[in-house]
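Peer 1: Build me a model:
(chains A and B)
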2 protein chains.
Amino acid sequence: MDSLSDTRRSRHINWQYLFAPHSVAVIGASNTPGSWGYGIMRHLLASAKKKIYPVNPTTPEVLGIAAYGSVVDIPGSIDLAVIAVSAPRVPMVMRECAQKGVKAAVVVSGGFAETGEQGGKLEAEVVKIARQGGIRFIGPNTMGHADTSSQLSTLAWTWEMPPGPVALISQSGNYGHRIIHQGMISGIGFSKFVCTGNEADLHLEDYLEYLAQDENTRIITAYIEGLREGRRFFQLAKEITLSKPIIAIKAGATKASAKAARSHTATLAGSDAIYAAAFRQSGVLRVDDDDELCDVVTALLYQPLPRGNRIGILTIGGGLGVVAAEACEKEGLEIAPLAPATLKKLDACLPPRWSHGNPVDMAGISMAENPVIFPSLWALMEDETVDAVLLQAPVGANTDRLATMFDSEELRAFRQAEESSLSLLRQRVRQQEKPVLMVKPAVEFATDPEVASLFSREEIPVYPSPRRAARVLNHLAWYRRYLDNS
Amino acid sequence: MDSLSDTRRSRHINWQYLFAPHSVAVIGASNTPGSWGYGIMRHLLASAKKKIYPVNPTTPEVLGIAAYGSVVDIPGSIDLAVIAVSAPRVPMVMRECAQKGVKAAVVVSGGFAETGEQGGKLEAEVVKIARQGGIRFIGPNTMGHADTSSQLSTLAWTWEMPPGPVALISQSGNYGHRIIHQGMISGIGFSKFVCTGNEADLHLEDYLEYLAQDENTRIITAYIEGLREGRRFFQLAKEITLSKPIIAIKAGATKASAKAARSHTATLAGSDAIYAAAFRQSGVLRVDDDDELCDVVTALLYQPLPRGNRIGILTIGGGLGVVAAEACEKEGLEIAPLAPATLKKLDACLPPRWSHGNPVDMAGISMAENPVIFPSLWALMEDETVDAVLLQAPVGANTDRLATMFDSEELRAFRQAEESSLSLLRQRVRQQEKPVLMVKPAVEFATDPEVASLFSREEIPVYPSPRRAARVLNHLAWYRRYLDNS
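Peer 2: Residues are numbered from 1 along each chain as shown, chains lettered A, B, ... in the order given. The predicted structure follows:
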């Protein structure tokens, strides 16, 4: 743990130079497709808002832009330097950056503390030079960073990160990459993405403090292998989670994975039990992987937090109800006992063969019986013992499938009825503070954009299995309880 | 548990009438889109191989085919009757079927034992009538069944089930439906699908015994809520799993889910611990849900069983390696300690910054360094301590992404190199009896059919997360150990 006890350390950093620079030098810029220096240049050039200066002593131009032999040869001032040269050359390059008056840097190059003692010494040298020159930097051994509002990306890979209110701090470039991918599938937009690398200068805790103040960020997510300033992290988190949720993956809980973390970014994974307790005490939602992270983010973006953990299940089939109830109970949720008034309302809606209890199994209602779904859902939501609903009903059926049953006009009417019901659902969810999560196999989305937009328009999160939905509901209920007691 | 101790009971059944009938009567056939009688008719008519007779006393024709007032009015003989009328009418309809000499039936109608005592009595009456008439039947309260080789489907829904070697017996129509969907995404083909319903006559155990002999079925899967003949099931399973894998979901392990199972198909879920032990002792691979079921099936279809549980991990990024190692260890797998000779070989392949251990982290090799991947994989597979490999490398990168780096000719050459490497991989996997599972985010498949076919052609299973791949490897290793000790 660091000797600095001031958790507010990062307020002295001018983050603009890192996240919204006016000019960027790419040291190690290259014309070789597939190389880092090529990928970074391409990505930077994709947005025209800032001046880009390639630096490469062996070529007159990179991607059609005049290259400089050294950063000191560039005529204008440089806010940010992206350094992608071999590790032994980094001290010299950093010295030149200091000489030039560069404000901030991203050291992409690997081959430092993560490789052992020798690399550690090299890293310490780079830090010393940067500190003397007043340069704050990300990395080394980082994949870079990105900001969708300033349209900056120092990443070498080329996925277009969709803009939105979710920030990601990642101690792994590739795993961060995965989370962004998964987020794209789930319709999540991102504000900022930082791969922290070896954190020789800027620490994960600095980014956390910065993002707490960032008005483009409503939710902070993180992939963590080990914290360099654990105490500071949890002090910050305790304050931040009162207004912005933090969702974190903490890897390295097992022997070989902890060892792998050490050789990855030179971090000590630490005791998993201590981390688990500290996350709980500071209101951090800890998740296992990228799927779960995106599942929770989607719910937090669109749904209220439930008052408790008693779940109502509305399902089209008995087996689905059994599996859903099991998934909820295994997550520690309760299956709400329904009030007599609710049973009465459901008797009035549903065919007599329904399950007469929770899970509310509509017992294989046919497409023709579809209009019973929403009245049943309203009845369930109105029950005071129900805090949240897990919905597995044939809402948003696959268009191709419907086309085998209906002509085009009938189909349009069918969809319109669904749309207005879902719109009503959106209102009721907010009024009653009762989240409703939909469970639907992924195939219906993969093959049917009409269905996907039906739900996204009304901000109804959809999960591919009851287990994933139940896990999310448990996180939401836990977070509400945490906030109520804070 | 049933009083019949003969596990071979079902050999006396003439299954042809159920799975490959020459003539089918649909009692309750309907012209109302969205109704059961309509959906079943449409589905049956989609294959022209058998004679279809709609039965409906109130309409002269159904979907353009002359309808009969009663099954007894049909001129030809009837192998199979599909019954989709309201529960109280089923005894009468079954009596008419007996009178007509119908051989087998599928009773789709619900409203029997699953609804309580009254329904139970009605069900007993139907069984009595069918037994007297020599009619064996599926259901009641079933969604139907399907056979891809005889092209029969009595299901009311219209997904086209792709043909293949996997059979599914399901105590839930909707959950079975989900498994078929999930299988479609995973590229799995099905031989037969039976929704068992209330199992008033034919039991899950009868179908299991039949499928063991079915030459179109190489793998048997099942969704189970409760077994009516547990002893018979496990006796059969112990024999079957020696040559055909059985993969089962057993739901109803928690309080509310067990209660839901009772009202769903009138089954008693029983003690979960007893089931778990019995599955283990009879070589049944127990899985949690449809995802895991399809994951295991895909591996069993295409990969050998590993000799042990020591895993080699080849990864493009340190974070991915940490998460993969953790996932493996949490599943009870071991991370193989690599032999000095292997480390030497890897030193010769990989850039010096590689992790020098297992997980083998290639430390963010660029696209230009791509040719190092397969030599590294061969080195890992040749290590005697490695029983299976989990591969997270940029093989099969997204076409759009590659197009930003390469021109079209380069891209073609790049893909061809990948194809021949994957083809070599397929051979080595079989020669060395070492399964190799690929981990790759789902988005790259959803958006890129070229990538999907690259792997399916060479029968390399791809999983969206290391956790799912690790779970599969654990099942494979367990099954191999079971078979070795049997």
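Peer 1: When you work out contacts or count neighbours from here on, use the C-alpha atoms and nothing else.
Peer 2: Noted.
Peer 1: List the neighbours of the one helix or strand A:Lys259 maps to that are in contact with it.
Peer 2: For A:Lys259, the host element (DSSP states H and E) is helix A:255-265. By Cα atoms under 8 Å, 6 or more residues apart in numbering or on different chains, the surrounding residues in contact with helix A:255-265 are A:113-115, A:141, A:171, A:197-198, A:225-226, A:251-252, A:267-269, B:318-319, B:321-326, B:329, B:335, B:355, B:358-359.
Peer 1: try stretch A:154-165
Peer 2: For stretch A:154-165, contacts defined as Cα under 8 Å, 6+ apart pick out A:36-44, A:82, A:143-146, A:148-149, A:180, A:184, A:188-191, A:216-219, B:401, B:404.
Peer 1: Can you say which of the residues you listed are buried?
Peer 2: The neighbour-count test (16 or more other Cα atoms under 10 Å in any protein chain shown) marks A:36-44, A:82, A:143-146, A:148, A:180, A:184, A:188-191, A:216-219 as buried among those.
Peer 1: related to what we said a few turns ago, any buried residues in the helix holding A:Lys259, and which?
Peer 2: Buried residues in helix A:255-265 (16+ other Cα under 10 Å): A:256-265.
Peer 1: So among those residues, where is pLDDT lowest?
Peer 2: In terms of pLDDT, the weakest of the buried residues of helix A:255-265 is A:Thr265, which scores 66.
Peer 1: Restrict the helix holding A:Lys259 to CA atoms and write it as CSV.
Peer 2: Extracted in CSV, the C-alpha atoms of helix A:255-265 (Å, rounded to 0.1, in the frame of the first residue of the first chain):
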residue,chain,number,x,y,z
LYS,A,255,-3.3,-20.0,-6.7
ALA,A,256,-2.4,-20.2,-10.4
SER,A,257,-4.5,-17.1,-11.2
ALA,A,258,-2.8,-15.0,-8.5
LYS,A,259,0.6,-16.1,-9.8
ALA,A,260,-0.5,-15.2,-13.4
ALA,A,261,-1.6,-11.8,-12.1
ARG,A,262,1.9,-11.2,-10.7
SER,A,263,3.5,-11.9,-14.0
HIS,A,264,0.8,-9.9,-15.9
THR,A,265,0.9,-6.5,-14.3
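Peer 1: how about the helix or strand just after that helix: buried residues?
Peer 2: Downstream of helix A:255-265, the first helix or strand assigned by DSSP H and E is helix A:272-281. Using 16+ other Cα under 10 Å as the test for burial, helix A:272-281 gives A:275, A:278-280.
Peer 1: So which of these is the closest to chain B?
Peer 2: Relative to chain B, the closest of the buried residues of helix A:272-281 is A:Tyr275; by Cα to the nearest Cα it sits at 15.6 Å.
Peer 1: picking that back up, tell me which two of the buried residues of helix A:255-265 sit farthest apart.
Peer 2: Distance extremes for those: the farthest pair is A:Ala256 and A:Thr265 at 14.6 Å, using Cα to Cα.
Peer 1: Low-confidence stretches in the stretch 301-450 of chain A?
Peer 2: A:442-447 (pLDDT under 70).
Peer 1: Around chain B, which positions in it sit nearby?
Peer 2: A:316-326, A:329-330, A:335, A:353, A:355, A:358-359, A:364, A:366-368, A:401, A:404-406, A:441-443, A:446 (Cα under 8 Å from any Cα of the partner chain).
Peer 1: quick one: strands adjacent to the longest strand along chain A?
Peer 2: Ranked by residue count under DSSP state E, the longest strand found in chain A is strand A:163-170. Strand A:163-170 has its sheet partners listed here by DSSP bridges as strand A:190-195 (parallel), strand A:219-224 (parallel).
Peer 1: Fine by me, we can end here.
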